[in-house]
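# Okay, predicted coordinates and the sequence, questions at the end:
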Amino acid sequence: VQLVESGGGLVQPGGSLVLSCEGSGFAFSGYAMSWYRQAPGKERELVAVTSGHGDWSDYGASVKGRFSIARDNLKNTVRLHMNTLQPEDTAVYYCNALGGAPYTEYWGQGTQVTVSS
């Protein structure tokens with residue numbers, strides 16, 4: 001099982017970035033996919049989540065209206081579109097898969113996003 005994130009980097013405040021996560025080794029469409037983030041000295045927090053078939057999604061309060069999650073079950077990928085980025089969005093972003101039978105959780109290795117001028 002693998003979750004491989006990509007797309008992190010340095011962006012200026014007000015800019016945009018798209019993170020991608022490709023899953024392999026499990027039944028991707030049977031899992032809710034989420035993005036979490038963890039800033040230095042802070043707890044990991046949920047950024048966005050989407051259901052197995054992408055018909056439902058939800059967002060953390062701090063990113064609602066700025067970020068968008070989208071999955072492609074044919075390509076086993078989930079993306080996080082991040083707009084109007086602010087310095088407080090700086091964190092390591094992690095891809096998460098939750099689901100299956102028995103209920104199982106997988107994590108990616110994380111990708112760094114830094115918002116700075």
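Ah, there it is.

# Check the spacing between the residue nearest to T50 when sequence neighbours are not counted and P87 real quick.
For T50, ignoring the flanking residues on the chain, the nearest one in space by CB to CB, 6 or more residues apart in numbering is S57 at 4.2 Å. For every residue, glycine as well, the C-beta is placed using N, CA and C. Separation of S57 from P87 (CB to CB, to the nearest Å): 25 Å.

# Looking only at neighbour counts, state which of the two leads.
Using other CB atoms under 10 Å as the criterion, S57 and P87 rank with S57 on top: 16 against 11.

# my guess is that one contacts L46, does it?
No. Using CB atoms under 8 Å, S57 makes no contact with L46, being 11.6 Å away.

# State the distance from the residue nearest to T50 to S117.
According to CB to CB, S57 stands 30 Å off from S117.

# OK, contacts around the residue nearest to T50?
48-51, 69 (CB atoms under 8 Å, 6 or more residues apart in numbering).

# swap in T90?
39, 113-116.

# Just the buried ones from those residues, in PyMOL syntax?
In PyMOL, a selection of the buried entries from those looks like this (16 or more other CB atoms under 10 Å):
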select buried, resi 113+115
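
# out of the contacts of T90, who's nearest V18?
V113 (10.7 Å; CB to CB).

# And the pLDDT at the closest one?
Looking at V113, its pLDDT stands at 98.

# Dump the C-alpha coordinates for the one helix or strand it maps to into PDB.
Element membership for V113, per DSSP states H and E: strand 111-115. Only the C-alpha atoms of strand 111-115 are listed here, as PDB (Å, rounded to 0.1, in the frame of the first residue of the first chain):
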ATOM      1  CA  THR A 111       4.700  17.200   1.400                       C
ATOM      2  CA  GLN A 112       5.800  20.600   2.600                       C
ATOM      3  CA  VAL A 113       3.900  23.700   1.700                       C
ATOM      4  CA  THR A 114       5.500  27.000   2.600                       C
ATOM      5  CA  VAL A 115       3.700  30.300   2.000                       C
END
